[in-house]
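# need coordinates for the following:
(chains A and B, ligands or ions: 2)
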Number of protein chains: 2
Amino acid sequence: MASTNKDVQYLEEVSHLLDRAKELQDSASSFLSKMKHEEQSILQRVSALQSDLKKLQACVASASASETLDKREAEKLEEELSRAKCMIADGDVSSLLPSKSNGKFLRMFLGPISVRATRKDVQLKVKEEYNNYRDRTAVMFLLFPFALLILRYAIWKGCFPAWAVQLYQAWLLFLYTSLALRENILRINGSDIRPWWIYHHYCAMMMALVSLTWEIKGQPDCYQKQRGIELFLTWAMMQGVAMLLQNRYQRQRLYTRIALGKANRMDVVWGETASVEGQLWLLYPVLFILQGFEAYIGILLLMTAVTSSVSEWQVVVCGGLLVIMASGNFANTVQTLSAKLRF
Amino acid sequence: MASTNKDVQYLEEVSHLLDRAKELQDSASSFLSKMKHEEQSILQRVSALQSDLKKLQACVASASASETLDKREAEKLEEELSRAKCMIADGDVSSLLPSKSNGKFLRMFLGPISVRATRKDVQLKVKEEYNNYRDRTAVMFLLFPFALLILRYAIWKGCFPAWAVQLYQAWLLFLYTSLALRENILRINGSDIRPWWIYHHYCAMMMALVSLTWEIKGQPDCYQKQRGIELFLTWAMMQGVAMLLQNRYQRQRLYTRIALGKANRMDVVWGETASVEGQLWLLYPVLFILQGFEAYIGILLLMTAVTSSVSEWQVVVCGGLLVIMASGNFANTVQTLSAKLRF
Ligand SMILES: CC(C)(COP(=O)(O)OP(=O)(O)OC[C@H]1O[C@@H](n2cnc3c(N)ncnc32)[C@H](O)[C@@H]1OP(=O)(O)O)[C@@H](O)C(=O)NCCC(=O)NCCS
Ligand SMILES: CC(C)(COP(=O)(O)OP(=O)(O)OC[C@H]1O[C@@H](n2cnc3c(N)ncnc32)[C@H](O)[C@@H]1OP(=O)(O)O)[C@@H](O)C(=O)NCCC(=O)NCCS
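Ligands and ions are numbered 1, 2, ... in the order given. Below is the predicted model of the structure:
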């Protein structure tokens, strides 16, 4: 059968479209390879600059030490050099630099996939979303234990049912896992978060996991047996309040950072602390009280384990973890505070 | 004090270095903006092509229906058009297309960060790493329950201690969470994995979580009380064997896909199944037996809940989940099989 006119027309259109698809495919390939090439050449320039910078820094330092260079002059030069360093570390160049590799925790959960956002605005959005997440969480942190404590007398006749407490503990496990993952991601994206705050969430994950296996005893005499749970819930509510305060403060810091725009890291440290100093006077005392209470509950649990005859291993582990977390939190809060006071 | 020669020399070197840093910064900025611009223009061409393609497909279909176009001719044209479609969906163009947004599960754990690898070779590496991870896991899947079953008589005098079983359950919880996260990431990176295999891991996560809260009773008479655990461990070992078989088969599939290189998706379906057909004859029966056993344990648990007087809610939930997983696995395995037989 001979082809009709219609057939020929379609055939032409289709083959034209296939040509266009091929062309497009070629443009995409050549674009990607060109991009890779240019990126490579910029990276080479960066590493050359970085090594020159290091050499010059060493020269200036040694010249200043051997007094062949005026001290004041040397300081000015060093400042200029660190400005150059910041330009590379914070500007558009930084988004081309190879990212830190995923830490052990991220590799364990996600494998080797890259979680870095190259664009600065995306990075800031991720940070903002993290802050929002913490805000929503803080509210839950207040309401969940509050509801449990209320319902105990309103409905449950003075005794927590095991499932309700376990639901709460499962939620905590999910929450801490998610926070630990998100904070690791923020680190890859250039956040200066102290490693401890992430380790702290690993400890909290462990504790939630262990407390899930903890048998919750009911009637009779449950008031005595559930004293630990009550203390823990009270502390959790206090932590909710602290989280809300901390979030408000850290959100404001982020806004200052965004407002300062392309300013480099050093400028930011100057600018941002000034705008939120007032809040810090409220935040720090609350944090210290909370950390004290955390340690208190931990020690109480450890003492129970020592004095009571049939002690479960979960009591010891949770008590130990609480004490470790409280001391770590305290040490790191003090260190942050003293770093801030130095400015 | 006048500047010495040395001072002037350093000053010049430092200011030269700062200039270089600024230049670099500018090149990086202009590179990034140029890149974004070119990407945009390619994306515009893609969407124009896609809409023309859709129109042409509709024309051909209606012409073929109204018989103004020869049926055989129309089929050939349709094939050409789907080749053009694959070229866009699989080639370098695809790595420029905006990625699927993170599903609910990924958003819950990671937030809105993008987990897409743009380069094809990186995507394949992620897939390969996932396969390796599953291999390592499958070995653990065999050894962990095996060790528990052996140690029960060798050391524990016929009774599982609670902590050992709970350690195993905690490991399962971590494992399933990690698999679910990784599979969601693979989906974003273009894998055709059926949604069910991911839901299946959500169910498994739920089950591990619930079984963590399940009180494990010891002496006296623990053989009777721990019958459920024993069955579960036996099943877990069988699953280890199935996973090893499945992995071997899927790794070979991936190698075929890599070897076929830039071939499009349709070619791959042709090529890959042929090379592994032999393994399928072993794999499918094993899978069906396993699914039957899974359903059997589920029903056993549900029956325990009905017949025994004091039943814990965990028994009902775990039994139900096992039955759901078994039926879902069965349905999806059958669907995959029938899709393969159609070729
Ligand atoms: C002490 C504290 C207020 C200091 O906050 P800060 O002024 O933001 O501290 P830094 O200047 O060192 O912050 C550096 C980075 O770490 C982040 N960061 C600091 N503490 C953090 C925390 N606890 N969790 C997550 N991120 C934190 C900051 O957001 C900042 O990120 P960025 O580089 O992306 O902008 C804060 O660390 C805090 O509230 N910690 C919690 C203390 C605690 O004990 N909580 C539990 C109570 S028991
Ligand atoms: C049935 C089975 C062998 C088919 O495998 P297959 O031939 O690779 O299936 P498909 O062709 O549909 O695969 C499409 C994609 O999904 C992936 N995939 C299929 N089943 C998967 C599973 N169970 N887990 C993870 N990924 C899976 C494949 O790797 C492939 O990925 P790609 O697009 O990135 O290459 C496989 O699904 C399987 O073993 N399922 C497990 C069955 C089970 O019941 N397990 C538990 C026992 S109780």
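# okay, and for the stretch 101-250 of chain A, where does confidence drop off?
Scanning the stretch 101-250 of chain A for pLDDT under 70 picks out A:218-220.
# hey, where'd the helices end up in it?
If DSSP state H, counting those that start in this stretch is used as the criterion, the helices of the stretch 101-250 of chain A fall at A:104-110, A:120-154, A:162-188, A:195-212, A:222-225, A:227-259.
# whether the longest one contacts chain B - can you check?
Yes: figure legend: helix A:120-154 in contact with chain B (CB under 8 Å from any CB of the partner chain); contacting residues A:Val122, A:Lys125, A:Val126, A:Glu129, A:Tyr130, A:Tyr133. From N, CA and C alone the C-beta is placed, and that goes for glycine too.
# by contact count, what packs against that helix?
Judged by 3 or more CB pairs under 8 Å, 6 or more residues apart in numbering or on different chains; DSSP states H and E, the packing partners of helix A:120-154 are helix A:162-188, helix A:227-259.
# so which of the ones you listed comes closest to B:Leu300?
Smallest distance to B:Leu300 across these (CB to CB): 23.0 Å, for helix A:162-188.
# now the closest one against helix B:162-188, angle please.
50 degrees (axes from the mean of the first three to the mean of the last three CA atoms, to 10 degrees).
# now do helix A:162-188 against helix B:195-212, angle only.
Calculated by the same axes, to 10 degrees, helix A:162-188 forms an angle of 120 degrees with helix B:195-212.
# where does the stretch 51-200 of chain A come near ligand 1, residue by residue?
Applying CB under 6 Å from any ligand atom, one finds that the stretch 51-200 of chain A approaches ligand 1 through A:Lys127, A:Glu183, A:Leu186, A:Ser191, A:Asp192, A:Ile193, A:Arg194, A:Trp197.
# from A:Gln25, how far off is the residue in the stretch 51-200 of chain A positioned nearest to ligand 2?
The stretch 51-200 of chain A approaches ligand 2 most closely through A:Gly111 (13.3 Å), counting by CB to the nearest ligand atom. Computed as CB to CB, to the nearest Å, the A:Gly111 to A:Gln25 distance reads 29 Å.
# do A:Leu110 as well
Taking CB to CB, one finds A:Leu110 at 31 Å from A:Gln25.
# of these two, who's got more company?
Set A:Leu110 next to A:Gln25 and count neighbours by other CB atoms under 10 Å in any protein chain shown: A:Leu110 wins out with 24 against 19.
# and that one, how far from B:Lys36?
For A:Leu110, the distance to B:Lys36 - CB to CB - is 27 Å.
# likewise A:Leu231?
Distance, A:Leu231 to B:Lys36, by CB to CB: 55 Å.
# A:Leu151 now?
Using CB to CB, A:Leu151 is found at 54 Å from B:Lys36.
# higher neighbour count, these two?
Each of A:Leu151 and B:Lys36 has its neighbours counted (other CB under 10 Å); A:Leu151 has more, 13 against 10.
# am I right that that one is in contact with A:Leu167?
No: using CB atoms under 8 Å, A:Leu151 makes no contact with A:Leu167, being 11.9 Å away.
# name the nearest residue to A:Gly190, ignoring sequence neighbours.
A:Gln123 (6.4 Å; CB to CB, 6 or more residues apart in numbering or on different chains).
# next, count neighbours for that neighbour.
A:Gln123: 20 neighbours (other CB under 10 Å).
# contact partners for it?
Counting by CB atoms under 8 Å, 6 or more residues apart in numbering or on different chains, A:Gln123 makes contact with A:Ala117, A:Asn189, A:Gly190.
# can you get me a residue count around the last one?
Meaning A:Gly190. Counted with other CB under 10 Å, A:Gly190 comes out at 18.
# so which residues on the stretch 151-300 of chain A come close to ligand 2?
Counting by CB under 6 Å from any ligand atom, no residue of the stretch 151-300 of chain A is near ligand 2.
# just want the residue of the stretch 151-300 of chain A that's nearest ligand 1.
Closest point on the stretch 151-300 of chain A to ligand 1, by CB to the nearest ligand atom, is A:Ser191, at 3.1 Å.
# cool, and the stretch 1-150 of chain A?
Counting by CB to the nearest ligand atom, the stretch 1-150 of chain A gets nearest ligand 1 through A:Lys127, at 5.7 Å.
# run a quick neighbour tally on that residue.
Using other CB under 10 Å, A:Lys127 has 22 other residues around it.
# go on, A:Ala61?
By other CB under 10 Å, the residues close to A:Ala61 number 15.
# before we move on, back to that, if we take the contacts of A:Gln123, which one ends up nearest to chain B?
When those are ranked by distance to chain B (CB to the nearest CB), A:Ala117 comes first, at 6.5 Å.
# OK, contacts around that closest one?
Neighbouring residues of A:Ala117 by CB under 8 Å, 6+ apart: A:Gln123, A:Val126, A:Asn189, B:Ile113, B:Ser114.
# tell me the phi and psi of it?
Main-chain torsions, A:Ala117, degrees, to the nearest 10: phi -90, psi 130.
# ok, back up a step: so the residue of the stretch 1-150 of chain A closest to ligand 1 versus A:Trp196, what's the distance?
According to CB to CB, A:Lys127 stands 19 Å off from A:Trp196.
# now swap in A:Glu13 and tell me
Separation of A:Glu13 from A:Trp196 (CB to CB) stands at 65 Å.
# could you give the number of residues near A:Ser338?
Using other CB under 10 Å, A:Ser338 is surrounded by 9 other residues.
# ugh, wrong one, I meant A:Val165
Neighbour tally, A:Val165, other CB under 10 Å: 21.
# tally up the residues packed near the residue of the stretch 201-343 of chain A found nearest ligand 1, please.
Across the stretch 201-343 of chain A, the shortest distance to ligand 1 (CB to the nearest ligand atom) belongs to A:Asn329, at 3.4 Å. Using other CB under 10 Å, the number of residues around A:Asn329 comes to 20.
# pLDDT at it, what is it?
A:Asn329 carries a pLDDT value of 96.
# the helix ranked longest in chain A near chain B anywhere?
Assignment by DSSP state H gives helix A:5-65 as the longest helix of chain A. Yes: legend: contact between helix A:5-65 and chain B by CB under 8 Å from any CB is shown at A:6-7, A:10-11, A:13-15, A:17-18, A:20-22, A:24-25, A:27-29, A:31-32, A:35, A:38-39, A:42, A:45-46, A:49, A:52-53, A:56, A:59-60, A:63.
# what residues of the helix or strand following that helix count as buried?
Counting by DSSP states H and E, the next helix or strand C-terminal to helix A:5-65 is helix A:71-90. Judged by neighbour count using 16 or more other CB atoms under 10 Å in any protein chain shown, the buried positions of helix A:71-90 are A:73-74, A:77-78, A:80-82, A:84-88, A:90.
# which other helices and strands does helix A:71-90 contact?
Packed on helix A:71-90, when contacts are counted by 3+ CB pairs under 8 Å, 6+ apart, are helix A:5-65, helix A:265-307, helix B:5-65.
# pLDDT on it, on average?
Computed over helix A:71-90, the mean pLDDT rounds to 85.
# dump it to PDB, keeping only the CA atoms.
The C-alpha trace of helix A:71-90 is given here as PDB (Å, rounded to 0.1, in the frame of the first residue of the first chain):
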ATOM      1  CA  LYS A  71      53.400  44.900  64.900                       C
ATOM      2  CA  ARG A  72      50.500  47.200  64.000                       C
ATOM      3  CA  GLU A  73      51.300  46.900  60.300                       C
ATOM      4  CA  ALA A  74      51.400  43.100  60.600                       C
ATOM      5  CA  GLU A  75      48.000  43.100  62.300                       C
ATOM      6  CA  LYS A  76      46.500  45.100  59.500                       C
ATOM      7  CA  LEU A  77      47.900  42.700  56.900                       C
ATOM      8  CA  GLU A  78      46.600  39.700  58.800                       C
ATOM      9  CA  GLU A  79      43.200  41.200  58.900                       C
ATOM     10  CA  GLU A  80      43.300  41.800  55.100                       C
ATOM     11  CA  LEU A  81      44.400  38.200  54.600                       C
ATOM     12  CA  SER A  82      41.500  36.800  56.600                       C
ATOM     13  CA  ARG A  83      39.100  39.000  54.700                       C
ATOM     14  CA  ALA A  84      40.400  37.200  51.500                       C
ATOM     15  CA  LYS A  85      39.900  33.900  53.300                       C
ATOM     16  CA  CYS A  86      36.300  34.800  54.200                       C
ATOM     17  CA  MET A  87      35.600  35.900  50.600                       C
ATOM     18  CA  ILE A  88      36.400  32.400  49.500                       C
ATOM     19  CA  ALA A  89      34.700  30.600  52.300                       C
ATOM     20  CA  ASP A  90      31.400  32.500  52.300                       C
END
